[in-house]
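Colleague: pasting the sequence and the predicted model now:
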Amino acid sequence: MKTKPGRGKHDYRFFEDVYEVVKLIPAGRVSTYGAIARYLGAARSARMVGYAMNKCMDRPDVPAHRVVNRNGMLTGRHHFSPEFPMDERLRREGVQVVDDQVQEFEKRFWDPQRELL
DNA sequence: GCTGTGACTTTTT
DNA sequence: TAAAAAGCCACAG
């Protein structure tokens, strides 16, 4: 991803690239804000990834529930609709979640840098 | 174009 | 070991 050809550096949309990566996360797997930020070449912009997620709530095509913090904790569950909670969506995909914590997080972790190359 | 902000992460008390 | 502080930066107003 990163900057697309033909698109000036000024027009670079960080959020758009975040969404693209998030959409690539396979069902039943989870990734982290930091990993996504690193893959996009903005290692110090992990917060921005979370910020992007906040804005993507009106985008059904972005599985924001598969993005957690580096400890596998569902820090953003309160931003989801109460009728479709983050942990419930994950469980439906086969991810065990106990007390806002992804179980076997290291095995579920999906690193775009490694998996996507 | 300056200011505040945040679904993070790392370092320092 | 747990809590607090500090970097970090794209985006919105």
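Modeller: Structure's in. What do you need?

Colleague: looking at chain A, which residue is nearest DNA strand C?
Modeller: residue A:44 (3.1 Å; Cβ to the nearest atom of the strand). C-beta: built from backbone N, CA, C; applies to glycine.

Colleague: distance check, residue A:41 against DNA strand B.
Modeller: 15 Å (Cβ to the nearest atom of the strand, to the nearest Å).

Colleague: before we move on, what about residue A:22?
Modeller: Relative to DNA strand B, and taking Cβ to the nearest atom of the strand, residue A:22 is found at 10 Å.

Colleague: which residue is the nearest non-sequential neighbour of that residue?
Modeller: Closest residue to residue A:22 apart from its sequence neighbours, by Cβ to Cβ, 6 or more residues apart in numbering: residue A:62 at 5.3 Å.

Colleague: rewinding a little: the residue of chain A closest to DNA strand C touches residue A:34, doesn't it?
Modeller: No. Under the criterion of Cβ atoms under 8 Å, residue A:44 makes no contact with residue A:34, lying 9.4 Å away.

Colleague: okay, these two: which has more neighbours?
Modeller: Each of residue A:44 and residue A:34 has its neighbours counted (other Cβ atoms under 10 Å); residue A:34 has more, 16 against 9.

Colleague: go ahead and list the helix or strand containing that one.
Modeller: Using DSSP states H and E, residue A:34 falls within helix A:33-39.
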